[in-house]
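Student: what would the 3D arrangement of this be:
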Amino acid sequence: MTITVLAAGDHFVLPRLLTEELRAAAPTADLDVRELQLPWPHTPFGAVAEVDEASGTEDELIEALRGVRVCLTQMAPLTERVLAACPDLELFCVSRGGPVNANLEAATRHGVAVCYAPGRNAVATAEHTLALILAAARGIGDVHTDLKHGTWRGDYYDYDTCGIEIDGSVVGLVGFGAIGSRVARVLVAMGAEVLVHDPYVKPEAVDGIAELVPLDELLSRSRIVSLHARVTDETRGMIGRDQIAAMPPGSVLVNCARGALLDYDAVCDALDAGHLAGAGFDVFPAEPVPAGARLLSTPGVVLTPHIAGGSREVAHKAARIVATEAARFLRGEPLAHCANPEVLRRA
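Tutor: Reported below is the predicted structural model:
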């Protein structure tokens with residue numbers, strides 16, 4: 001029996017990557033694979049009906065999903081309207097760390113299993129975090145900009161201006177998951193003393209790598225702080241004016257996790273006042289960053305446009321993870337990364 005599949009890729013996780021990985025994962029399956037090209041990142045993602053961070057439209061997805069049982073995608077919007085119009089759909093695989101572009105409650109009611117791809121960008125984001133730590137600690141952002149505009153910063157060697165080394169520094173990591181733990185291991189290899197705050201991690205998980213401490217102790221002891229927490233009701237805005245003030249004078253703050261964790265106005269104030277020596281950010285409270293935002297003109301900040309998880313390897317890993325899930329589904333095997341497993345129990 002031929003099974004119709006939609007590979008709804010974009011300009012990062014390409015449709016052909018999804019197709020190639022699926023055929024490799026299910027070489028004996030009789031598949032009719034259709035491909036749909038979504039516009040992200042050439043067109044920014046956004047809200048589509050009731051789901052967030054999606055690309056494309058409900059109408060084009062409904063048309064592409066006619067007769068489709070399995071969909072592999074990164075950004076396609078799985079909404080109530082799409083689900084109601086596509087009764088043949090059984091599995092929707094999102095090649096992201098979480099299926100934010102899928103209405104899970106509606107998918108569960110319609111009997112559609114939703115899978116995701118945890119850990120796909122852990123290595124890339126950890127490496128990017130380290131790049132921002134190094135750049136912020138050594139003031140690379142400002143001197144790079146000055147040199148590009150013809151100014152040779154000889155004053156960088158002034159004692160009060162030059163940067164700090166990782167070797168011998170105390171570095172605090174807020175979060176010790178797939179990304180934070182990788183960052184920790186590299187920092188230890190570079191000679192840093194690493195502190196970790198993560199209420200969900202047991203002490204034995206950090207043995208030989210880091211010291212598990214409360215957040216206030218991490219902030220007061222760390223010369224460099226890097227955020228690696230998920231956004232929850234407990235973590236939203238967890239680093240504000242008081243927490244930044246608790247950090248040692250001349251310290252560095254980095255965030256490659258989520259913009260909602262941090263008060264960016266407080267960061268700019270601390271940089272302007274000289275309390276923070278530098279900062280590095282890949283995520284922001286509003287994306288794209290609005291023209292005229294303080295971060296764009298505050299000295300000491302290194303900025304990248306939410307690209308920490310962007311590498312060619314990530315695109316291949318993401319496609320491979322969801323293709324493997326789809327192959328399990330086609331063989332009637334248990335799924336490893338299903339966000340609504342109650343659908344499978346009902347089947």
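Student: quick one, helices of this structure?
Tutor: Listed in chain order, the helices of the chain (DSSP state H) span 15-25, 58-64, 80-85, 104-109, 122-137, 140-148, 178-189, 215-221, 241-246, 264-272, 312-331, 342-346.
Student: of all the ones you listed, which one is nearest P305?
Tutor: Minimum separation from P305 across these (C-beta to C-beta) falls at helix 122-137, 11.6 Å. For the C-beta atoms, the positions are set from N, CA and C on the backbone; glycine is no exception.
Student: would you mark the buried spots in that closest one?
Tutor: Neighbour-count burial for helix 122-137 flags 122-126, 128-137 (criterion: 16 or more other C-beta atoms under 10 Å).
Student: state the mean pLDDT of stretch 245-252.
Tutor: Across stretch 245-252, pLDDT averages out at 98.
Student: how far off centre is that stretch?
Tutor: 26 Å (C-alpha atoms, centre = their mean, to the nearest Å).
Student: next: stretch 145-157.
Tutor: 33 Å.
Student: from one end of that stretch to the other, what's the distance?
Tutor: With C-alpha to C-alpha, to the nearest Å as the measure, the first residue of stretch 145-157 is 17 Å from its last.
Student: shaky segments in the protein?
Tutor: Of all residues in the chain, those with pLDDT under 70 make up the ranges 347.
Student: with adjacent residues omitted, what lies nearest to G309?
Tutor: N121 (3.3 Å; C-beta to C-beta, 6 or more residues apart in numbering).
Student: do the same with A85
Tutor: I62 (4.6 Å).
Student: give me the number of residues near that neighbour?
Tutor: Neighbourhood size, I62 [other C-beta atoms under 10 Å]: 16.
Student: for R185, see how far away it is.
Tutor: Distance, I62 to R185, by C-beta to C-beta, to the nearest Å: 46 Å.
Student: repeat for D88
Tutor: 46 Å.
Student: give me the more crowded residue out of those two.
Tutor: The neighbour comparison of D88 against R185 (other C-beta under 10 Å) goes to R185, with 15 against 11.
Student: who's in contact with the residue with the largest distance to the centre of the chain?
Tutor: Within the chain, the residue lying farthest from the chain centre (C-alpha atoms, centre = their mean) is M1, at 38.1 Å. By C-beta atoms under 8 Å, 6 or more residues apart in numbering, the residues touching M1 are D30.
Student: surely the residue nearest to G309 touches G97?
Tutor: Yes - proximity of N121 to G97 meets the contact threshold set by C-beta atoms under 8 Å, at 6.9 Å.
Student: which one's more surrounded, the two?
Tutor: Neighbour comparison, N121 and G97: the larger count goes to N121, with 23 against 20 (by other C-beta under 10 Å).
Student: can you tell me which residues contact the residue nearest to D269 when sequence neighbours are not counted?
Tutor: Closest residue to D269 apart from its sequence neighbours, by C-beta to C-beta, 6+ apart: R241 at 7.5 Å. Residues near R241 by C-beta under 8 Å, 6+ apart: D263, A266, D269.
Student: what is the neighbour count of L147?
Tutor: Burial measure for L147: 11 neighbouring residues, criterion other C-beta under 10 Å.
Student: please name the residues that touch it.
Tutor: Contact analysis of L147 by C-beta under 8 Å, 6+ apart lists R153.
Student: relative to L212, how far out is it?
Tutor: The gap separating L147 from L212 is 41 Å, by C-beta to C-beta.
Student: what does I239 give?
Tutor: Distance, I239 to L212, by C-beta to C-beta: 18 Å.
Student: which of the two has more neighbours?
Tutor: Taking neighbours as other C-beta under 10 Å, I239 and L212 compare with I239 leading, 24 against 19.
Student: I figured that one hits H228, correct?
Tutor: No - using C-beta under 8 Å, I239 is not in contact with H228; the gap is 12.0 Å.
Student: which residues are common contacts for the two?
Tutor: By C-beta under 8 Å, 6+ apart, the residues touching both I239 and H228 are V174.
Student: please verify my assumption that A135 contacts G141.
Tutor: Yes - between A135 and G141 there is a contact at 6.0 Å, judged by C-beta under 8 Å.
Student: and for the two, which residues touch both?
Tutor: Shared contacts of A135 and G141 (C-beta under 8 Å, 6+ apart): G280, V302.
Student: turn the helices of the chain into JSON lines, including distance to L295.
Tutor: As requested, the helices of the chain are exported to JSON lines (distance: least, C-beta to C-beta, whole Å):
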{"stretch": "helix 15-25", "distance to L295": "34"}
{"stretch": "helix 58-64", "distance to L295": "34"}
{"stretch": "helix 80-85", "distance to L295": "36"}
{"stretch": "helix 104-109", "distance to L295": "33"}
{"stretch": "helix 122-137", "distance to L295": "13"}
{"stretch": "helix 140-148", "distance to L295": "11"}
{"stretch": "helix 178-189", "distance to L295": "22"}
{"stretch": "helix 215-221", "distance to L295": "21"}
{"stretch": "helix 241-246", "distance to L295": "14"}
{"stretch": "helix 264-272", "distance to L295": "6"}
{"stretch": "helix 312-331", "distance to L295": "25"}
{"stretch": "helix 342-346", "distance to L295": "42"}
